[in-house]
Structure formats: C-alpha cells, structure tokens
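Chemist: need a structure here:
(chains A and B)
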Amino acid sequence: MHGTPRRTTLLWAALLVATLLTWWVGEDGATGPAIVALLAVISIVKGSIIILDFMALRHAPLMWRLITLGWISLVWVLIGLAYWKGLSQ
Amino acid sequence: MRLLPFAVSPTHASLMLRDTTCPESRLVALRFPRLMGMNTRSLASPLPARHPVTEYRLAGDLAIWFFILAELLAFGVFFAAYAFTRANHIELFNAEQHALHRGAGAINTALLLTASYFVVRAVQAAERSAAAISARWLLGAIACGGGFVVVKLIEYSAAFEEGVSLSSSPFHMFYLSLTFFHFMHVILGMVILAALWQGARKGRYHPGDMNGIETGAAYWHMVDLVWLILFPLVYVIH
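Modeler: Numbering: from 1, shown residues only, chains lettered A, B, ... in the order given. Here you go, the predicted structure:
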C-alpha cells in the first residue's frame, strides 16, 4: 500500500534534486515562457510523487487521482495563462 | 455454491464472501461505495498471502479527503488571484520578489519534503507493527516542521524590519497572506503529527488499524503539496 522504504527514499532524493533545480533557476534569474513551463513541469512531477506515492492515491479509486492531479494541472494552467497575459502588456 | 460470510465491516457497509467450493478459495468482494472508495484494510488482513486482493482504497478517513479537497480549492483560488494580480503589476512584483530570500524558501521546501518522507516511513513502520520506530520517524517529521517554522519566522522578522506589511504593496499583501495562510497549516500539521507521535508511542497503529496514522499523514502531505506550487510561484517565477 505505502511502497517500500527503498523506493520512498529514492523518491525523496528525486524531490530534493528537483527542489535544488527550482532554486537554481531562481538564483540564475532566467525567465520567459520556456522557464515558466519548466518550473510548472517540475512542480507537477513533484506534486504527482506526493499525490500518488506519499498520499498513496495510486491505490485509490480513479476519481481521487483525477481530482488531485487535475487540481495541480489546472492551477498551473491558470498560472501559465496569467503569465502569458502579463507578457502581452 | 456455498458462500460463507468472511469478514464484515459494519462501518463501511462492506461484505466479503469466500467461495468455499472453489479449490483456490477464490475471494469475492462486494463493495457498495465503489466510486468514492473506503477503508478495506479490516478486510484485507485475514486474507491468505497467496491470494493478494488488489483493492482500491483511500489511505485514511474519507472525511479528511473532503477536507483536503476544500483546502486545495482555497489555495488554488489564492494562487490564481496572485498570478492574475501580478499580470497587472509586473514590474512591482518582479522587483519586490527579487528582494525575497530564495535560499530560505528552498530550505523550507526541503524541510517540508523531508518531513513528508519521514511521515511515509512512519506509516510504513506502523504497517509492519514497528510502533517504536514509527514514533521515531514522526518525531523527525515534527523536528523538520519546527525547522520550517524557525526559518519562516526569521524570514518574516527580516521582512518586517524592511517595512513589509499587508498594506505596503500588492505583492507584499499576497506574499504575507499566502505564506502566513500556509504557515498556519504547517502549525496545525505539527499538532496533528504530535498527536500521531503520541498514538504511535502507545502502539495504536498496526496493520489491523492504520486509519489514524494514514488520516494524519494525508493532511501533512497536503501541506507539503501546496508549498510545491507556492515556492516556484511566489519566490521564483518572474
């Protein structure tokens, strides 16, 4: 149900590496639609690990995965739209 | 075909039947609330190991999941409000965001993720009846939560010294209200983890009853999940 400690440790390491990447992008000061898309993908991948593995929704009825994964995707679509709106001003 | 009642869980209105005429002791599970899911752990434990039943179930109480959905909705609206307000104040948001300490945000991300990792390890320990080990992982998670609180308070005091307030600018209003709203969730999460730690020390969580620890764990992971959007959105994207 909650996976093996080994798998969990590997996922945790991946989450920390992804965090370092996000921080580095911030320190580097890079910007633009491609960078925002990259940050969105990193956030969605990290969120999916939390949702599917840590919250164990991988083993939940499909509806719960659709709602939670749909939520994080929708939030990033809205952030992307707002970013695009800001670019055209 | 003779059917024997195998295990009945009255709280979840479920019934599992064993087909005793079948040589493989085939198991038939009847579940009523199929779409939303339910806790079938009480049914799963007496099964023979060579007949693993792939059950769909939610980890933790159904009620906490409705609560989590309400929280996700609130944070989602908050994030969208930030993003669309920013679209009208690009230069202001970029300049004031640049003054934030991204290192503190990244350290706090790592602390929350590590706390979540420790919570999963605690759940896994409880699943193999290792109560003392489970309690130790939970204590580690509480310590990480405490680290988050300390870093956040240092960040706030530095911001207040620079004259940042709810009314000093639209960016500051969002920065303070969003992070403080999340901060209060971290505090509540730590209270819940402390309750789980007490429960684990008393050996309350074991393969026969995982509901309490899974319910508390789900809340903590939600607090972590929301921060995974908050950090890039408020500290990095410009």
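
Chemist: and B:A95, helix, strand or coil?
Modeler: Using DSSP: H, G, I helix; E, B strand; the rest coil, the structure places B:A95 in helix.

Chemist: Okay, it and chain A: tell me how far apart.
Modeler: 13 Å (CB to the nearest CB, to the nearest Å). (Each C-beta comes from the backbone N, C-alpha and C, glycine too.)

Chemist: any idea which helix is longest in chain A?
Modeler: Counting by DSSP state H, the longest helix found in chain A is helix A:62-87.

Chemist: How far off centre is that one?
Modeler: 10 Å (CA atoms, centre = their mean, to the nearest Å).

Chemist: Next: stretch B:115-129.
Modeler: That offset, for stretch B:115-129, works out to 13 Å (CA atoms, centre = their mean).

Chemist: swap in stretch B:150-170?
Modeler: Centroid separation for stretch B:150-170 versus its chain: 27 Å, with CA atoms, centre = their mean.

Chemist: hmm, that stretch touching chain A?
Modeler: No: on the criterion CB under 8 Å from any CB of the partner chain, stretch B:150-170 is out of touch with chain A, staying 13.3 Å away.

Chemist: Now do the one helix or strand B:I213 maps to, average pLDDT.
Modeler: B:I213 belongs to helix B:211-230 when assigned by DSSP states H and E. Across helix B:211-230, pLDDT averages out at 98.

Chemist: So which other helices or strands are in contact with it?
Modeler: Counting contacts by 3 or more CB pairs under 8 Å, 6 or more residues apart in numbering or on different chains; DSSP states H and E, helix B:211-230 is packed against helix A:33-49, helix A:62-87, helix B:62-86, helix B:102-127, helix B:170-201.

Chemist: what comes up buried for the fourth one?
Modeler: For helix B:102-127, a neighbour-count test (16 or more other CB atoms under 10 Å in any protein chain shown) marks B:102, B:105-127 as buried.

Chemist: Within reach of chain A, which of those are there?
Modeler: B:102, B:105-106, B:109-110, B:113-114, B:116-117, B:119-121, B:123-124, B:127.

Chemist: could you dump stretch A:58-76 to PDB, C-alpha only?
Modeler: The C-alpha atoms that make up stretch A:58-76 are tabulated as PDB, following Å, rounded to 0.1, in the frame of the first residue of the first chain:
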ATOM      1  CA  ARG A  58      -2.000   5.400  -6.700                       C
ATOM      2  CA  HIS A  59      -4.100   2.800  -4.900                       C
ATOM      3  CA  ALA A  60      -7.200   4.900  -4.500                       C
ATOM      4  CA  PRO A  61     -10.300   4.900  -6.800                       C
ATOM      5  CA  LEU A  62      -9.600   6.700 -10.100                       C
ATOM      6  CA  MET A  63     -11.800   9.700  -9.200                       C
ATOM      7  CA  TRP A  64      -9.400  10.800  -6.400                       C
ATOM      8  CA  ARG A  65      -6.400  10.700  -8.700                       C
ATOM      9  CA  LEU A  66      -8.400  12.700 -11.300                       C
ATOM     10  CA  ILE A  67      -9.400  15.400  -8.800                       C
ATOM     11  CA  THR A  68      -5.900  15.800  -7.200                       C
ATOM     12  CA  LEU A  69      -3.800  15.600 -10.400                       C
ATOM     13  CA  GLY A  70      -6.400  17.700 -12.200                       C
ATOM     14  CA  TRP A  71      -6.100  20.300  -9.400                       C
ATOM     15  CA  ILE A  72      -2.400  20.700  -9.700                       C
ATOM     16  CA  SER A  73      -2.600  20.800 -13.600                       C
ATOM     17  CA  LEU A  74      -5.400  23.300 -13.600                       C
ATOM     18  CA  VAL A  75      -3.600  25.600 -11.100                       C
ATOM     19  CA  TRP A  76      -0.500  25.600 -13.400                       C
END
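
Chemist: Which residues does it contact?
Modeler: By CB atoms under 8 Å, 6 or more residues apart in numbering or on different chains, the surrounding residues in contact with stretch A:58-76 are A:1, A:40, A:43-44, A:47-48, A:51-52, A:55, A:57, B:34-37, B:55-59, B:65, B:69, B:72-73, B:76, B:79-80, B:225, B:229.

Chemist: who touches the residue lying closest to A:I49 once chain neighbours are set aside in this structure?
Modeler: Nearest non-adjacent residue to A:I49, counting by CB to CB, 6 or more residues apart in numbering or on different chains: A:L11, 5.3 Å away. Each residue near A:L11 by CB under 8 Å, 6+ apart is listed here: A:49, A:53-54, B:117.

Chemist: What is the neighbour count of A:L87?
Modeler: By the criterion of other CB atoms under 10 Å in any protein chain shown, A:L87 has 12 neighbours.

Chemist: correct me, but it touches A:V36?
Modeler: No: using CB atoms under 8 Å, A:L87 is not in contact with A:V36, being 9.6 Å away.

Chemist: is it true that A:A18 lies in a helix?
Modeler: Yes: when three-state DSSP is applied, A:A18 is found to be in a helix.

Chemist: Quick check: the gap between it and B:S169.
Modeler: 30 Å (CB to CB, to the nearest Å).
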